[in-house]
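Trainee: Fold the following for me, if possible:
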Amino acid sequence: NDCPWEKDVEDVQKVCDKLEIEFRSFNFEQEYRDKVIEYFFAEYAAGRTPNPDIMCNKEIKFGLFLDKAIGLGFDYIATGHYAGIGITNHESGIRKFELLKGVDPKKDQSYFLYTLNQEQLSRSLFPIGEYTKIQVRELAREFGLPNAEKKDSQGLCFIGHINLRQFLKQRLPERVGKIVDASGRVIGTHPGAWYFTIGQRHGLRVGGGKPYYVAQKDIIGNRLTVTRMEYAGLVHHTQAKINDIHWINKTHELPFKCKAKIRYQQAEQNCTIRRCEKQGTDTLAVEFSEPQFAPAP
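Mentor: Next up is the predicted model:
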């Protein structure tokens, strides 16, 4: 009920009327349910913290929608992402496409587009990636677009704002479990470990004084381990292991130094990428120069 899709359709129609261009609509509701919502529930059920916007971009916007556009004879799709695309021309004549950050640091969405491949980038345009949000609104007013003052979209991709616990309860029922501190002492109860994420502070209903943060989750045992910030070792980590690695345009030789972030709008952090010798060739280790707060699987 919180998804304003009807108002969105109305706004798009008004813009198309203003620009005198055709408006077409395609219904990918079932595919979205199968590819994004199912992933969302499955990850929480497994004790992980999913990012449905990344999956939505991969499967829907730059998957089904791009394929639909090409099938209709179009050369490109253009989206409103704050990001950019760079092109490198090699001596062999092969063009390589790069995913670039948007110029507006507060709106940069390259973080949500890392799964895009060469074919998808070669067929995509990000026309507002070189502008700030303020500049985009100014242009919309200048062109007389009826949605120039529309509020920013927030919440889950295509769903909008949700109460996470209420949403998850559709498939993941409440299961009362124990909350323990770093010493194993029971200090409270929770409605289900799968509703929480590593680093979460709100909703624990324990404390008095300094706040507690979720440091560990035991989904099978339905138990949360929490800690106060002064016990930093439980919730701050200098290493994260990653797999399902997707290189957009080239594979780097390991080890190599770069900058990375573990959540949207976090400042970039210095790190070194190494291979996990004991984990096989598909797993890498990200070693940060400074401890990071609550990297969540």
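Trainee: for this structure, longest helix please?
Mentor: helix 5-19 (DSSP state H).
Trainee: which other residues reach the very next helix or strand once past that helix?
Mentor: Next in sequence after helix 5-19, counting helices and strands by DSSP states H and E, comes helix 29-32. Here helix 29-32 makes contact (CB atoms under 8 Å, 6 or more residues apart in numbering) with 56, 59-60, 64, 158. (C-beta placed from N, C-alpha, C; glycine too.)
Trainee: What of stretch 219-230?
Mentor: 45-47, 175, 177-182, 187, 190, 192-194, 196, 204, 206, 210-218, 234-235.
Trainee: Then stretch 262-271?
Mentor: Stretch 262-271 has contacts (CB under 8 Å, 6+ apart) with 106, 111-112, 240, 257-261, 286-290, 292, 295-296.
Trainee: from those, which would you call buried?
Mentor: 111-112, 240, 260, 286, 288, 292, 295-296 (16 or more other CB atoms under 10 Å).
Trainee: pLDDT averaged over the host helix or strand of I187 - what is it?
Mentor: In this structure, I187 sits in strand 186-190 according to DSSP H and E. Mean per-residue pLDDT for strand 186-190: 96.
Trainee: which strands and helices sit next to that strand?
Mentor: strand 177-180 (3 or more CB pairs under 8 Å, 6 or more residues apart in numbering; DSSP states H and E).
Trainee: so what does the strand it packs on touch, helix or strand wise?
Mentor: Using 3+ CB pairs under 8 Å, 6+ apart: strand 177-180 touches strand 186-190, strand 223-228.
Trainee: Including mean neighbour count and distance to G84, could these go into CSV?
Mentor: Below are the helices and strands packed on strand 177-180 laid out as CSV (neighbours: other CB atoms under 10 Å; distance: least, CB to CB, whole Å):
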stretch, mean neighbour count, distance to G84
strand 186-190, 15, 43
strand 223-228, 20, 40
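Trainee: Generate JSON lines for those, with distance to I128 as supplementary columns.
Mentor: Putting these into JSON lines (distance: least, CB to CB, whole Å) gives the following:
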{"stretch": "strand 186-190", "distance to I128": "42"}
{"stretch": "strand 223-228", "distance to I128": "41"}
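Trainee: which stretch among the ones you listed comes nearest Q200?
Mentor: Between Q200 and the helices and strands packed on strand 177-180, the tightest spacing by CB to CB is seen for strand 223-228, at 9.1 Å.
Trainee: So what's the gap between the closest one and the chain middle?
Mentor: 25 Å (CA atoms, centre = their mean, to the nearest Å).
Trainee: strand partners of it, parallel vs antiparallel please.
Mentor: Looking at strand 223-228 with DSSP bridges, its partner strands are strand 177-180 (parallel), strand 212-218 (antiparallel).
Trainee: So for S92, which of the ones you listed sits nearest?
Mentor: Closest among the strands paired with strand 223-228, using CB to CB: strand 212-218, at 48.7 Å.
Trainee: Show me what counts as buried in that closest one.
Mentor: For strand 212-218, using 16+ other CB under 10 Å, the buried residues are 212-215, 217.
Trainee: In this structure E59 contacts V36, no?
Mentor: Yes. At 6.4 Å, E59 counts as touching V36 under the criterion of CB atoms under 8 Å.
Trainee: So between these two, which is more surrounded?
Mentor: More neighbours surround V36 than the other of E59 and V36, with 24 against 19 (other CB atoms under 10 Å).
Trainee: Okay, and I134 sits in which element?
Mentor: helix 133-142.
Trainee: give me the low-pLDDT residue ranges for the chain?
Mentor: Applying pLDDT under 70 to the chain picks out residues 1-3, 155-160, 232, 279-281.
Trainee: Which stretches in it count as helices?
Mentor: Using DSSP H, helices in the chain cover 5-19, 29-32, 38-45, 52-56, 66-71, 118-122, 133-142, 164-168.
Trainee: In terms of secondary structure, what does the fourth one contact?
Mentor: In other words, helix 52-56. Going by 3+ CB pairs under 8 Å, 6+ apart, helix 52-56 lies up against helix 38-45.
Trainee: what packs against the helix it packs on?
Mentor: So helix 38-45, by 3+ CB pairs under 8 Å, 6+ apart, packs with helix 52-56.
Trainee: Restricting to C-alpha, output the helix it packs on in CSV.
Mentor: C-alpha atoms of helix 52-56 as CSV (Å, rounded to 0.1, in the frame of the first residue of the first chain):
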residue,chain,number,x,y,z
PRO,A,52,17.3,-5.7,-3.1
ASP,A,53,18.1,-2.6,-5.1
ILE,A,54,21.2,-4.2,-6.5
MET,A,55,19.2,-7.3,-7.5
CYS,A,56,16.5,-5.1,-9.0
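Trainee: This completes my enquiry, with thanks.
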